[in-house]
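Q: Pasting a predicted model and its sequence here:
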Amino acid sequence: MVTELSTQAGGSRIELPPLLAQARAGDRDAFCELCGEMAGRLYRQAVALCGNGTLAEDLAQETLLAAWKNLARYNGQCRFFTWLCSILIHHYQNVLRKKTPVGFSALGASERESAERRLHELAEPGASPDELLQLGEREAALRRCLARLPEKQRDVVYLRFFVGAALNEIAEVLQCSPGTIKSRLFNALDKLSHMPEMKRLASPETT
């Protein structure tokens with residue numbers, strides 16, 4: 001079994017999972033197996049980010065390809081999945097820079113149904129049709145609110161609440177100090193709290 005030690009900030013060392021260590025050594029099969037374990041989670045994160053099932057598939061594939069090409073850059077100072085999500089964000093930002101993002105309601109019927117189905121899968125098992133519909137509406141509303149944030153603040157919110165990354169992990173992947181991350185998160189939450197749509201999402205009528 002192949003393992004590898006990676007140096008963290010401050011000189012401490014951690015052991016990378018065997019598959020990841022093998023992949024970093026150039027083992028394509030190990031990387032494919034690792035991707036197989038994470039592909040579903042990454043796709044769901046992509047759907048949550050863009051709301052478009054077709055685009056999410058492309059983003060997830062591009063992310064994994066970029067991860068393979070740049071695997072040597074992963075230093076083990078954050079979870080591997082967090083690192084993947086930072087690449088996902090980067091690719092999605094490139095899409096937004098190249099063209100105006102497509103609104104959820106403007107998607108073609110098949111794409112909208114695919115995105116809705118994927119969003120519905122995030123609901124708890126056994127949810128009623130009404131609850132599933134409400135989930136899709138809330139996810140779409142949340143994305144609209146997040147889209148109004150400055151890019152740097154939006155990245156922090158996404159990594160913190162969608163990916164569940166710790167602040168020190170976010171600081172690592174975005175190459176900022178923890179203090180900067182805390183400031184961006186505070187300012188982002190402050191802006192979100194003043195958005196009427198977010199207030200409606202937080203009200204008892206929408207829960």
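A: Arrived safely, thanks for sending. Note that the structure is a prediction, hence the values are computed from the model and not measured. Residues are numbered from 1 along each chain as shown.

Q: Pull the number of nearby residues for Cys32.
A: By the criterion of other CB atoms under 10 Å, Cys32 has 14 neighbours. C-beta here means a position set from N, CA and C on the backbone, and glycine is covered the same way.

Q: Quick check, pLDDT for it.
A: Cys32 carries a pLDDT score of 89 in this model.

Q: Report all helices and strands that the strand or helix carrying Leu55 contacts.
A: Under the criterion of DSSP states H and E, Leu55 resides in helix 53-69. Under the contact criterion of 3 or more CB pairs under 8 Å, 6 or more residues apart in numbering; DSSP states H and E, helix 53-69 touches helix 28-50, helix 80-98, helix 109-120.

Q: low-scoring stretches of this structure, by residue?
A: For the chain, residues meeting the criterion pLDDT under 70 lie at 1-16, 99-136, 201-207.

Q: can you rerun that using 50?
A: Residue ranges of the chain with pLDDT under 50: 1-14, 100-108, 111-112, 114-129, 131-133, 204-207.

Q: Just the buried residues of stretch 20-33, please?
A: Residues of stretch 20-33 classed as buried: 20-24, 30-31 (neighbour count, 16 or more other CB atoms under 10 Å).

Q: Narrow the residues you listed to those in helices?
A: Counting by DSSP state H, the buried residues of stretch 20-33 place 20-24, 30-31 in helices.

Q: mind putting those residues in JSON lines, distance to Gly179 included?
A: Converted to JSON lines, those look like this (distance: CB to CB, whole Å):
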{"residue": "Leu20", "distance to Gly179": "30"}
{"residue": "Ala21", "distance to Gly179": "32"}
{"residue": "Gln22", "distance to Gly179": "37"}
{"residue": "Ala23", "distance to Gly179": "33"}
{"residue": "Arg24", "distance to Gly179": "31"}
{"residue": "Ala30", "distance to Gly179": "37"}
{"residue": "Phe31", "distance to Gly179": "35"}
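
Q: The residues you listed: which two are farthest apart?
A: For those, the maximum inter-member distance is 11.0 Å, found between Ala21 and Phe31 (CB to CB).
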